[in-house]
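In: I need the structure of the sequence given here:
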Amino acid sequence: MLTSYQLSKGAHFMYRLFFAAVLLFSVSIFPVQALERPGVEYKIFQFPSDMIPTIDGKTDDWKIVGDEYVVGSDQLSDTVKNHGTNIDPKNFNCKVRVGWVKGLNRLYFLYEAYDNFWKFDTNGLVNDIFEIVVDGDLSGGPVIPEMRTDMKMNFWDGYLFQGVMAQNYHIFTPAKGKDWCMEWGSQQYTKDMPWANHAYSYNFKNGEGGKLVLEFWITPFDYAPYDITKGIVESKLKENSIIGLSWSVLDYDADNIKEGDYTGFNNLSHKTTMYGDASALVAFRLMPLGKQFHKPLEVNWTFTVVDMDRRLVSFKDLTYGKVTSWKWDFGDGTTSTEQNPVHQYAEGGYKIVVLYVEGPDGKDKFSRVWDVTLK
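Out: The predicted structure is shown next:
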């Protein structure tokens, strides 16, 4: 006879199989979707690795981000209350900058907003909110079960479904006496360290007007399950790639008000369903590092071991700037003048590989010590 523990393990295993099947079915039903506002593409600024913003609610670290990266209130549309882009700046005005750092799967945000009436004295969702939805791999489709058209889900299955493939953050602006945001999904860990961080700066009281600065970063996930021990997949942020992203500002301008009775639902997508449908997001491009942060000639390279048994290695030049000649020293007494050579080593062991480059702006070299190690 099976014990209750064995039965529970079996039930859990069957549930995991069922949930995996549901996710695969969702992908087949909802393939990569076109984003909203075709022809519109916003830019995500790349911070140098030695100039990563400190999350302190201050704007100093963002002075290097140009005006071309600013997304202002003029880009938002109230799709619920007033229906239009003519948002009165005397009532509400905001600008948002988004950044990233190559090698980190994080999106950095600086949200600066003026509101003539900040609402934040309740324990629930009746709060001025900066709502973000991100789809790192452009998988598209529903973020919440209410948006599904292929099947109905009970509460618990729906809870386990939402936020898995794309994430929605209800960020309270500001949060007083409560968590900084509600992650609208089953994966509450995504709003805490080491996957998120935040800081506010403001000096107004509830019901007053004034300026708020919100600085934060989040981690987008291709797969973020309820149970973190079952494995997560962070979205791999790559230079020049497109992600789906949008935000809404839920503006409450009165006391004794109920949820949903906000003054405006101002959103970047220009489509209300952006809150629960990743196909209703907007295109954002992860930009390369600006020229001002490079030397005129800056050598770099990477490699891939194509066949360890044969000690076959492929080298790739990643140099920034104009190059007229390359010289590779493979660390075994042989060299190559190809830009991207493939080299077979006669013996294994630790290698010191150096790339020398020359161009109109000078010379440069870069070595990797023992990175290339072969058996």
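
In: Start and end of stretch 217-225, how far apart?
Out: For stretch 217-225, the first-to-last residue distance is 20 Å (C-alpha to C-alpha, to the nearest Å).

In: correction: stretch 167-184
Out: End-to-end distance (C-alpha to C-alpha), stretch 167-184: 7 Å.

In: Val134 belongs to a helix?
Out: No - if the criterion is DSSP: H, G, I helix; E, B strand; the rest coil, then Val134 is strand and not within a helix.

In: Give me the local confidence score for it.
Out: Here, the pLDDT recorded for Val134 equals 98.

In: which residue packs closest to it, ignoring adjacent ones?
Out: Nearest in space to Val134, with sequence neighbours left out and distances taken as C-beta to C-beta, 6 or more residues apart in numbering, is Pro220 at 4.6 Å. The way it works is simple: take the backbone N, C-alpha and C, and place the C-beta from them, glycine included.

In: Look up how far Val126 lies from that neighbour.
Out: Noted for Pro220: a distance of 28 Å to Val126, by C-beta to C-beta, to the nearest Å.

In: quick one: contacts for the residue nearest to Val134?
Out: 105, 107, 134-136, 166-167, 234-235, 237, 243 (C-beta atoms under 8 Å, 6 or more residues apart in numbering).

In: In the lengthiest strand in the chain, which residues are buried?
Out: Longest strand in the chain by number of residues (criterion: DSSP state E): strand 362-374. For strand 362-374, the neighbour count (16 or more other C-beta atoms under 10 Å) marks 364, 366, 368, 372, 374 as buried.

In: And for stretch 185-204?
Out: Buried residues in stretch 185-204, counted by 16+ other C-beta under 10 Å: 185-187, 190-191, 195-198, 200, 202.

In: for stretch 254-262, same thing?
Out: Result for stretch 254-262 [16+ other C-beta under 10 Å]: buried residues Tyr262.

In: The buried residues of stretch 185-204: which two are farthest apart?
Out: Ser186 and Tyr202 (31.0 Å; C-beta to C-beta).

In: Determine the number of other residues adjacent to Gly290.
Out: Each residue near Gly290 was counted by other C-beta atoms under 10 Å, and the total is 14.

In: Look up the closest residue to it, ignoring the ones flanking it.
Out: Residue nearest to Gly290 in three dimensions, not counting chain neighbours: Gln46, with 7.2 Å by C-beta to C-beta, 6+ apart.

In: what sits opposite that neighbour in the beta ladder?
Out: Beta-bridge partners of Gln46, counted by DSSP bridges, are Trp100.

In: residues contacting it?
Out: For Gln46, the contact set (C-beta under 8 Å, 6+ apart) comprises 99-102, 239, 286-290.

In: can you check Asp227 too?
Out: Contacts of Asp227 by C-beta under 8 Å, 6+ apart: none found.

In: just Ala199 next, same as before
Out: By C-beta under 8 Å, 6+ apart, the residues touching Ala199 are 55-57, 214-216.

In: redo that, cut-off 10 Å
Out: With contact taken as C-beta atoms under 10 Å, 6 or more residues apart in numbering, Ala199 is in contact with 54-58, 180, 213-216.

In: Likewise for Lys291?
Out: Counting by C-beta under 10 Å, 6+ apart, Lys291 has contacts 320-321.

In: same thing with the one 3 residues further on?
Out: Applying C-beta under 10 Å, 6+ apart to His294 gives the contacts 48, 288, 320-321.

In: Out of the residues you listed, which end up buried?
Out: Members of the contacts of His294 classed as buried by 16+ other C-beta under 10 Å are 320-321.

In: picking that back up, go through the buried residues of stretch 185-204 and name the one nearest Gln162.
Out: Using C-beta to C-beta, the buried residues of stretch 185-204 come closest to Gln162 at Gly185, 4.7 Å.

In: Tell me the confidence at the closest one?
Out: 91.

In: show me what contacts it?
Out: Contacts of Gly185 (C-beta under 10 Å, 6+ apart): 143-144, 159-169, 191, 221, 224-226.

In: Distance check, it against Ile144.
Out: 8 Å.

In: now Val357
Out: 51 Å.

In: And these two? Which one has more around it.
Out: Higher neighbour count among Val357 and Ile144: Val357, with 25 against 18, using other C-beta under 10 Å.

In: Is that one in a helix, a strand, or coil?
Out: Reduced to three states by three-state DSSP, Val357 is strand.

In: Surely it is in contact with Thr324?
Out: Yes - contact criterion C-beta atoms under 10 Å: Val357 and Thr324 qualify, at 8.4 Å.

In: Could you tell me which of the contacts of Gly185 count as buried?
Out: For the contacts of Gly185, buried by 16+ other C-beta under 10 Å: 143-144, 160-169, 191, 221, 224-226.

In: Which residues are in contact with His198?
Out: Neighbour list for His198: 55, 57, 109, 169, 171, 175, 180-181, 191-192, 214-218 [criterion: C-beta under 10 Å, 6+ apart].
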